[in-house]
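> return atomic coordinates for the entry below.
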Amino acid sequence: MNRKFPFMKTTSTLTLLGALLASTACVVGPDYEPAELDVPAQFVEAPGDTPDAASLEQWWKTFNDPVLDALVAETLAANDDLHVAFARLNEARALAGQSRTQWLPDASLSAGHTYRRQSLTTPEMEAAGVGRTVPRSSVDRDSDFFDTTFDAQWEADLWGRVRRSVEAADATTQARLEDMSAVRVSVLGELAANYIRYRETQTRLALNERLLASQRETLRLTRVRFEQGAGDVLDVHRGEALVATTEASIPALRAREAELAAALSVLAAQPIGQLRELLGPAGVIPAVPTELSAAGVPADLLRRRPDLRAAEQELRAAIARIGMEKADYYPRFTLSGSLGWTATEMGSFNADSSLTGGFGPRVSWAFLNIPEVRKRVEAAGARAEASLATYQKTLRVAVAEVETAAAGWREEESRHAALERAVEHYRKSVELSRQRYTAGEESYLDVLDAERQRLDAENSLATSAAERARQLVALYRALGGGWTPEQAEAETETAESDSTVDSKTGG
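Alright, predicted model coming up:
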């Protein structure tokens, strides 16, 4: 059945609506322009021997360590920090979706039933003669009231307040995605560094145990010489002291091994027993590749760093919020309407007489609040300046970290080569000292001194091998290794897919 609604003067209203929509191209506030990276043309400390972009995506594979590869896979699947970052990304995505709903009308539907009993002692009833000339029993005190109303309101985004809000929310979402990538880079770097320390501890433990066995054999021979009258009791005491000193170093190394295994179990989110099985028997320190590809342009490599990309997105969001605040300088134009039915009986809802409603534009302007708006704009501008400073500092820190890691890796390479030569000479020195001591050409003190020097040198060599590998990990991490923009896009699509599945299943 067609009904006419005389309260809707549609011609003038629709004309005004069209004029509002045609004028929504005005967006106040500054537009974000991508910042140029103010970086040197090349790295000072790494002119040509740092990893390029192509080798950074799965940098841990350059160590050719299957256990490390398995640890990385477990960590990426179960790390708690990554789960937290992913949850924050989903939160930001949901808030961005919420900001987009501002484009839509704000609508509500309400329905109600009210039962009402009227007092017979009100002045109105007394004026009508109820209780005097009209019997109270003849008055119907009870009544029902039914109503259904649909209300809607839509704001024309004349000055871009909603658009700036959506822009800020999108930038924040992208920043949370970059934060998740930064957590990934940090976690993998920490995982590899702890794994290298774990293997370093095992290497030093095995080294000390081998040296302890050698020292015990030397002590046995010293005792035999003393019992045969060819030695000195002082040599025996010195041998006992050396053996005891080496024995004392072993418990601390075993405790360190357990500590690092526990740290790895936290990163990989695995029970300590299960992680021990994954780590397997004592292994060696991961080998550093002999050659690395050329560095490439610093700006290209640093743009890979997710913390820098996150800082840029935070700056973009802060600039968009300036426009959000500036929009309050101007009036707001809204279209609102309501449509409903009001009746005292349910059956009357179908009658034209129960229909009620209204529709029309409204202009509101809080011009007396302009000083407050000005301060909010100033505050938003200050926050944008702070975001710019944060972005610039993040850039400087990134350059410094790359330079530091590259210098540390290069210098440790030189130190490791020198220690290798030193260890080789100390080993020969120990052999000659033992031979001369057996032949009576040298004192036992000389043998002990040679043993001590070899032990120190071999421990230093093991530490240097681990430090060299850790410095390379630091370099990979400083260059944003373990992440690519393509991976970020894939993670975004996966997150959106998961969110869709959860919403359909009620998860």
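> rounded mean pLDDT for the strand ranked longest in the chain, please.
Across the chain, the longest stretch assigned as strand under DSSP state E is strand 142-156. What strand 142-156 shows for mean pLDDT is 82.
> can you list the helices and strands that that strand packs against?
If contacts are counted by 3 or more CB pairs under 8 Å, 6 or more residues apart in numbering; DSSP states H and E, strand 142-156 sits against strand 106-117, strand 332-343. Just so you know, the C-beta spots here come from the backbone N, C-alpha and C atoms, and that holds for glycine as well.
> helix, strand, or coil at residue 121?
Here residue 121 is recorded as coil under DSSP: H, G, I helix; E, B strand; the rest coil.
> phi, psi of it?
Note on residue 121: its backbone torsions stand at phi -110, psi 20 [degrees, to the nearest 10].
> one more: residue 281?
Dihedral angles for residue 281 - degrees, to the nearest 10 - are phi -70, psi 170.
> now the helices and strands packed on strand 142-156 as JSON lines including mean neighbour count, mean pLDDT and distance to residue 306?
Formatted as JSON lines, those follow (neighbours: other CB atoms under 10 Å; pLDDT from 0 to 100; distance: least, CB to CB, whole Å):
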{"stretch": "strand 106-117", "mean neighbour count": "10", "mean pLDDT": "83", "distance to residue 306": "37"}
{"stretch": "strand 332-343", "mean neighbour count": "17", "mean pLDDT": "83", "distance to residue 306": "39"}
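> quick one: closest of the ones you listed to residue 462.
Closest to residue 462 of these is strand 106-117 (CB to CB; 68.1 Å).
> adjacent strands (with direction) for the closest one?
strand 142-156 (antiparallel) (DSSP bridges).
> what sits against the residue nearest to residue 309 when sequence neighbours are not counted?
Excluding the flanking residues, the one nearest residue 309 by CB to CB, 6 or more residues apart in numbering is residue 178, at 4.4 Å. By CB atoms under 8 Å, 6 or more residues apart in numbering, residue 178 lies in contact with 306-307, 309-310, 313, 488.
> farthest-separated two in these?
Largest pairwise distance in the contacts of residue 178, by CB to CB, is 13.0 Å, between 307 and 488.
> can you check the pLDDT for residue 450?
pLDDT, residue 450: 81.
> enumerate the positions of stretch 416-423 that are buried.
The neighbour-count criterion (16 or more other CB atoms under 10 Å) identifies 416, 419, 422-423 as the buried residues of stretch 416-423.
> just the CA trace of that stretch, in CSV.
Only the C-alpha atoms of stretch 416-423 are listed here, as CSV (Å, rounded to 0.1, in the frame of the first residue of the first chain):
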residue,chain,number,x,y,z
HIS,A,416,90.1,-14.0,15.3
ALA,A,417,92.8,-14.6,12.7
ALA,A,418,95.5,-13.4,15.1
LEU,A,419,94.2,-15.6,17.9
GLU,A,420,94.2,-18.6,15.6
ARG,A,421,97.9,-18.1,15.0
ALA,A,422,98.5,-17.6,18.7
VAL,A,423,96.8,-20.8,19.6
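> quick one: mean pLDDT for that stretch?
87.
> can you confirm residue 204 is in a helix?
Yes - applying three-state DSSP, one finds residue 204 inside a helix.
> is it in contact with residue 459, as I believe?
Yes - counting by CB atoms under 8 Å, residue 204 touches residue 459, with 5.8 Å between them.
> those two: which has the busier surroundings?
Set residue 204 next to residue 459 and count neighbours by other CB atoms under 10 Å: residue 204 wins out with 22 against 18.
> what about that one, distance to residue 456?
Counting by CB to CB, to the nearest Å, the gap from residue 204 to residue 456 is 12 Å.
> kindly report the same for residue 464.
Taking CB to CB as the measure, residue 464 falls 12 Å from residue 456.
> quick one: secondary structure of residue 34?
Taken by three-state DSSP, the conformation at residue 34 corresponds to coil.
> which phi and psi does it have?
In terms of degrees, to the nearest 10, the main-chain angles of residue 34 are phi -50, psi 130.
> grab the nearest non-local neighbour of it.
In space, residue 34 is closest to residue 312, 7.5 Å off (CB to CB, 6+ apart).
> my read: that neighbour touches residue 390, true?
No - contact criterion CB under 8 Å: residue 312 and residue 390 do not qualify, at 9.9 Å.
> compare those two (neighbour count), which wins?
Of the pair residue 312 and residue 390, residue 312 is the one with more neighbours under other CB under 10 Å, namely 25 against 16.
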